[in-house]
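Novice: Provided below for reference: sequence and predicted model.
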Amino acid sequence: MPGVIGPDRVRAVVQPALTVPGVDGVEVLFIHEWTGLTRFASSAIHQSTWQEDTGIRVRVVKGGRIGVAASNDFSEEGARRAAESAREMAEVVAPDPLFPGLAPPQPVPESDHFDEATASTTPDRRAEGVATLIAQCGRGLVASGAFETAASEVGLLNTEGQFCWAPSTQASVTTVVTADEGGSGFAETFASTLAEVDPEAVGRRAATKAASSRRPIDLDPGRYPVVLEPAAVSTLVGFLAWIGFGGRLLAEGRSCFSGKQGQQVAQPAITIYDDATSPDTIGLPFDFEGTPRRRVDLIRNGVFLDAVYDRRTAKQAGSETTGHALPPPNPEGPFPLNLFMEPGVASVEDMIASTDRGLLVTRFHYSNVVHPLESTITGMTRDGTFLIESGEVTRPVKNFRFTQSILEALRTASMVGRDTELASEFFFSASRVPALKVDSFNFTGRSDH
């Protein structure tokens, strides 16, 4: 079982890359990841995998030209060769007039997102968790999913004198329980430590949804009030980040928020921000240029304030970096990786009780962008869609296709949940969001299941 390499060893190994001759600056990004994954299907474990990867990414500056090279050779010679390759690339590319230089030395906040027990979780321990999850499935119910534990350490060193390093861990359990007669239910949990995930509770929640989803009825598509559980809300927030919250998109007029700074774009109850330093998420205290991260308010009381920036897009926009650079070369620009939607005061039960006729949606699936400037996406409901009548959940319904502007949904959100859940789409990224009641949500088609 591997462990952290540590800041001293990282600095010593990558230091030779900084001495490559004939350049104006060098930056070395180091990433070491190890992941254990236990998959199960038909209520039985069918795969247990282990993966470890150590890599460096070297960015060289020469005469305003930028070259980037990557390598999995974590050795002094490997670092030197990667720097030489990056120099060769810098010699043949066009200059970048917007390049602002490498990050200067500056202090980085302490990180407390690493747990040794999570980093060293064994396949047996994950198998025990899967067994408790499967045990929640009664007659006619079958569970599939995954239990993953992962750890990483990230370091950055450059010729300006900046050095930063931080480790982190995460654990997640995801399942879909299917039922005879057409039902299915989804549940997941995600945290920075193994102790915070509860496979039994995940199994119980998914099994309850699956059992309640049997014999779904047909319902005509159209506009409905909806109660969106956190998993569904995280999809909306994640896509909003992708098509709206990046500084490059905003500066180039490609964001759904372009031209809307200072304008009301959502209900006053909606506040969305990014904060990698919060103990309620999983994030690095610095970005992939070595800039310290901090809280950035994106939408405050329904008003769009600003996007996130890396060093290049901050220069482009006449602003300051917010610490949101992705690994180079990063042609897409900065991205918020640790989003929050502030909770409200309502429970999901309150939202349901306030709905005369509408839908309860567990999550969305196979979503994609239709019109980025209008924040319109499309996708399917999945694994637990229910009809609400006279303030009560009455019957399961077959899945719908939705085609919906995210900002329109936020403008018609009438209730915000008081409890939040953490979800993650990929490593280094997480969003903590509540449930939402949206008064008008556009369903444009239906499926046969």
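Specialist: Yep, that arrived.

Novice: show me where the stretch 1-150 of the chain has strands.
Specialist: In the stretch 1-150 of the chain, the strands defined using DSSP state E, counting those that start in this stretch lie at 25-41, 44-62, 65-71, 141-158.

Novice: who does the very next helix or strand once past the last one pair with, and is each partner parallel or antiparallel?
Specialist: Spelled out, it's strand 141-158. Remark: after strand 141-158, the chain's next helix or strand is strand 163-179, criterion DSSP states H and E. Looking at strand 163-179 with DSSP bridges, its paired strands and their directions are strand 141-158 (antiparallel), strand 183-191 (antiparallel).

Novice: quick one: low-confidence ranges for the protein?
Specialist: 1, 425-428 (pLDDT under 70).

Novice: how about the helices in it?
Specialist: Taking DSSP state H to define them, one finds helices in the chain at 7-14, 76-90, 116-119, 123-134, 199-212, 230-244, 247-251, 311-317, 348-353, 406-411.

Novice: who wins for proximity to P268 among those helices?
Specialist: Proximity to P268, assessed across the helices of the chain by Cβ to Cβ, is greatest for helix 406-411 (10.5 Å). Just so you know, the C-beta spots here come from the backbone N, C-alpha and C atoms, and that holds for glycine as well.

Novice: what's that closest one in contact with?
Specialist: With Cβ atoms under 8 Å, 6 or more residues apart in numbering as the test, helix 406-411 has contacts from 236, 239-240, 256, 265-267, 270, 302, 374-377, 436, 438, 440-441.

Novice: in strands, which of those appear?
Specialist: In strands, judged by DSSP state E, the following of the contacts of helix 406-411 are found: T376, I377, L436, V438, S440, F441.

Novice: list the contacts of the fifth one.
Specialist: Under the criterion of Cβ under 8 Å, 6+ apart, the contact partners of S440 comprise R223, Y224, P225, E408, T412.

Novice: and the third one, what does it touch?
Specialist: Shown in contact with P225 (Cβ under 8 Å, 6+ apart): T355, D356, R357, G358, L359, I388, K437, V438, D439, S440, F441.

Novice: confirm for me that the last one is in contact with F402.
Specialist: Yes: F441 is within contact range of F402, at 6.6 Å (criterion: Cβ atoms under 8 Å).

Novice: run a quick neighbour tally on the residue lying closest to E77 once chain neighbours are set aside.
Specialist: Taking Cβ to Cβ, 6 or more residues apart in numbering, and ignoring the residues beside it in sequence, E77 has P16 as its nearest neighbour in space, at 7.6 Å. Using other Cβ atoms under 10 Å, P16 has 18 neighbouring residues.

Novice: same question for T159.
Specialist: The number of residues packed around T159, counting by other Cβ under 10 Å, is 18.

Novice: over to S367?
Specialist: The number of residues packed around S367, counting by other Cβ under 10 Å, is 18.

Novice: what does P21 give?
Specialist: 7.

Novice: quick one: it from G78, how far?
Specialist: P21 is 18 Å from G78, where distance means Cβ to Cβ, to the nearest Å.

Novice: and if you look at A17?
Specialist: Relative to G78, A17 is positioned 9 Å away (criterion: Cβ to Cβ).

Novice: list residues touching both of those two?
Specialist: Jointly contacting A17 and G78 under the rule Cβ under 8 Å, 6+ apart are I56.

Novice: what sits against H46?
Specialist: Contact criterion Cβ under 8 Å, 6+ apart gives R39, F40 as the residues in contact with H46.

Novice: any idea how far V130 is from it?
Specialist: Plainly put, H46 is 11 Å away from V130 if you go by Cβ to Cβ.

Novice: how about the strands in the stretch 301-449 of the chain?
Specialist: For the stretch 301-449 of the chain, applying DSSP E, counting those that start in this stretch gives strands covering 303-304, 338-341, 357-371, 376-389, 392-396, 400-405, 413-423, 430-446.

Novice: those: which one's closest to T189?
Specialist: With respect to T189, and counting by Cβ to Cβ, the nearest of those is strand 413-423 at 8.1 Å.

Novice: relative to the whole chain's centre, how far out is the closest one?
Specialist: The gap between where strand 413-423 is centred and where its chain is centred comes out at 17 Å by Cα atoms, centre = their mean, to the nearest Å.

Novice: now for that strand, which elements pack on it?
Specialist: strand 183-191, helix 230-244, strand 338-341, helix 348-353, strand 430-446 (3 or more Cβ pairs under 8 Å, 6 or more residues apart in numbering; DSSP states H and E).

Novice: give the buried residues for stretch 274-288.
Specialist: If you call a residue buried by 16 or more other Cβ atoms under 10 Å, then stretch 274-288 has these buried ones: D274, D275, A276, T277, T281, I282, G283, L284, P285, F286, D287, F288.

Novice: same question for stretch 378-393.
Specialist: By neighbour count with 16+ other Cβ under 10 Å, stretch 378-393 contains the buried residues 378-388, 391, 393.

Novice: most widely separated two among these?
Specialist: T378 and G391 (29.5 Å).
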